[in-house]
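Enquirer: Sequence first, predicted model second:
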Amino acid sequence: MYKITKSEQLSKNEYDFWIEAPRIAKKAKPGQFVMLRINEMGERIPLTIADTDDSGGKIRLVFQVIGKTTAELGKLTIGDTILDLTGPLGMPTEIKNYGTVMIVGGGVGIAAVFPIIKGLKKAGNRVITILGAKTAELVILQEECRQYSDELIVTTDDGTKGMKGLVTDAMEQVIANETINSSWAIGPSMMMKFCTMTAAKYELPLYVSLNPIMIDGTGMCGGCRVTIDGSIKFACVDGPEFKGTEVNWDEFISRMKQYKTEEETCLVDYQKVQVINRG
């Protein structure tokens, strides 16, 4: 059992947990994730490791409530326990001194880029960070990212924080004024697709982290298969990080919608049960 030692609600549907998991904390690297199961009746879901405290034996998970399992997870608080945490899984980000790097995080994807920002800064890079969200309240971990960034740009769709516009608008500005040696973008699928297209215009290498449905996280089920440079890869063991220009984005985005109706129905049913139990 893995105990929650810190719990914070970042926005209406986003939560920030620190969880005791000493063996995972000791081994985890930027870009890796865990498979989580709340209880014996629960499904397994992947969550990126947002940070670690290896001296205290803890890992940080930031998640958004989008289905039944994450809704259940959001109900937990300090002192509650999680049945299973498996990890660290996936191939870590290649952390080295590239020179000047640009890191783009969108929505809850900001939590996934944070350890990459931190790792690249510690490796001696000049780090330019772009954080984007629909509204101000959804811009998470801003001060943590600022701590490890030489320059931080915030964009919001509605202009309630920072620059009004999309992260790709900020990318264009950065590329016009800086020589960027490498870049990363993590966030919603459509955002990553357009970040890839923007970087490709300038022949700038850009890496993305794919988040398809995963069941075991070890390459056995095949549920997380993605087409990369014309070949089938498994995001859990071959990724989750891939070069953006090699991703078949239309296929990936289509497959991400495959169980949308079932996910919504399951969440509504769960919420109805919660109302009945409270009544």
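Expert: The structure has been received and is ready for your questions.
Enquirer: Would you mind finding the longest helix in this protein?
Expert: As assigned by DSSP state H, the longest helix anywhere in the chain is helix 260-278.
Enquirer: what pLDDT, on average, does that one get?
Expert: Averaged across helix 260-278, the pLDDT comes to 84.
Enquirer: Please name every helix or strand in contact with that helix.
Expert: helix 68-74 (3 or more Cβ pairs under 8 Å, 6 or more residues apart in numbering; DSSP states H and E). For every residue, glycine as well, the C-beta is placed using N, CA and C.
Enquirer: Okay, now the sheet partners of the helix or strand following the helix it packs on, with direction.
Expert: Next in sequence after helix 68-74, counting helices and strands by DSSP states H and E, comes strand 81-82. Under the criterion DSSP bridges, strand 81-82 sits next to strand 2-9 (antiparallel) in its sheet.
Enquirer: Report the buried residues of the strand it pairs with.
Expert: Applying a neighbour-count criterion of 16 or more other Cβ atoms under 10 Å, one finds 2, 4, 7 buried in strand 2-9.
Enquirer: possible to save these as CSV with distance to residue 76 and pLDDT?
Expert: Shown next, in CSV, are these (distance: Cβ to Cβ, whole Å; pLDDT from 0 to 100):
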residue, distance to residue 76, pLDDT
2, 11, 97
4, 6, 98
7, 7, 97
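Enquirer: So what's the gap between stretch 68-87 and the chain middle?
Expert: 17 Å (Cα atoms, centre = their mean, to the nearest Å).
Enquirer: So what touches that stretch?
Expert: 1-7, 9, 13, 15, 17, 19, 21, 24, 28, 32-40, 42-45, 49, 59, 63-65, 217, 263, 266-267, 269-271 (Cβ atoms under 8 Å, 6 or more residues apart in numbering).
Enquirer: What separates the first and last residues of it, distance-wise?
Expert: Terminal residues of stretch 68-87 lie 22 Å apart, using Cα to Cα, to the nearest Å.
Enquirer: Let's test this: mean pLDDT of that stretch, rounded?
Expert: 96.
Enquirer: Can you list the buried residues in that stretch?
Expert: Buried, per 16+ other Cβ under 10 Å, within stretch 68-87: 68-74, 76, 80, 82, 85-87.
Enquirer: same deal with stretch 259-266?
Expert: By neighbour count on 16+ other Cβ under 10 Å, the buried set for stretch 259-266 is 263, 266.
Enquirer: Would you state the helices of the chain in chain order?
Expert: Counting by DSSP H, the helices of the chain are 22-27, 68-74, 109-122, 142-147, 167-177, 189-201, 235-238, 249-256, 260-278.
Enquirer: wait, which of those helices is closest to residue 95?
Expert: Closest of the helices of the chain to residue 95 is helix 109-122, at 4.3 Å (criterion: Cβ to Cβ).
Enquirer: helices and strands around the closest one, which ones?
Expert: strand 45-53, strand 100-106, strand 126-133, helix 142-147, strand 182-186.
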